[in-house]
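1. Just a sequence and a predicted model for now, questions to come.
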Amino acid sequence: QVQLVESGGGLVQAGGSLRLSCAASGRTFSSYFMGWFRQPPGKEREFVAAISWIGGFTSYGDSVKGRFTISRDNAKNTVYLQMNNLKPEDTAVYYCGRTTGDVRNGALYGYWGQGTQVTVSS
């Protein structure tokens, strides 16, 4: 069984920063990709960023490029999302998930965490 637990969300003013964490447990992860998605109120879930557990693959959604950075700590089985220069439109529930397929396609993720709320005030 795979468990993903997000943490680090909260309330921040526009221009501020937050770092989200996604702690993974269960089966080994070396062949998978980990991704972050977000779901703003009343909107569909959208791709934010993804990273491979091995190698140097990363991918970012257009709206967060240059502001967000995804990273991992293999020893801790944890993936991070450093979010800088936050904007009110970044307000959403942020989810981490695991996939072996197209990292931008949320339907291909087999496991999801429970989500963590990020609220950016103007």
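-> The structure has been received and is ready for your questions.
2. Please identify the helix or strand for the residue nearest the centre of the chain.
-> Centroid check for the chain by C-alpha atoms, centre = their mean gives residue 36 as the closest residue, at 2.4 Å. Element membership for residue 36 (DSSP states H and E) is strand 33-39.
3. Okay, now the sheet partners of that strand, with direction.
-> Next to strand 33-39 in the sheet, as set by DSSP bridges, lie strand 46-52 (antiparallel), strand 92-99 (antiparallel).
4. Helix, strand, or coil at the closest residue to residue 49 other than its chain neighbours?
-> In this structure, residue 49 finds its nearest non-sequential neighbour in residue 70, 4.1 Å apart by C-beta to C-beta, 6 or more residues apart in numbering. All C-beta spots, glycine's among them, are computed from the backbone N, C-alpha and C. Assigned with DSSP: H, G, I helix; E, B strand; the rest coil, residue 70 falls in the strand class.
5. From residue 25, how far off is residue 75?
-> The gap separating residue 75 from residue 25 is 14 Å, by C-beta to C-beta, to the nearest Å.
6. leaving aside the residues next to it on the chain, what's closest to residue 120?
-> residue 86 is the one closest to residue 120 (C-beta to C-beta, 6+ apart), at 4.6 Å.
7. quick one: the residue nearest to the centre of the chain and residue 70 touch, right?
-> Yes. If you go by C-beta atoms under 8 Å, residue 36 and residue 70 touch, sitting 6.6 Å apart.
8. list the contacts for the residue nearest to the centre of the chain?
-> Neighbouring residues of residue 36 by C-beta atoms under 8 Å, 6 or more residues apart in numbering: 20, 22, 48, 49, 50, 70, 79, 81, 94, 95, 96, 97.
9. can you pull out the strands in this protein?
-> Taking DSSP state E, the strands of the chain run over residues 3-7, 10-13, 18-25, 33-39, 46-52, 58-60, 68-73, 78-83, 92-99, 109-112, 116-121.
10. got the contact list for the residue nearest to residue 49?
-> Neighbouring residues of residue 70 by C-beta under 8 Å, 6+ apart: 36, 49, 50, 51, 58, 60, 79, 80, 81, 82.
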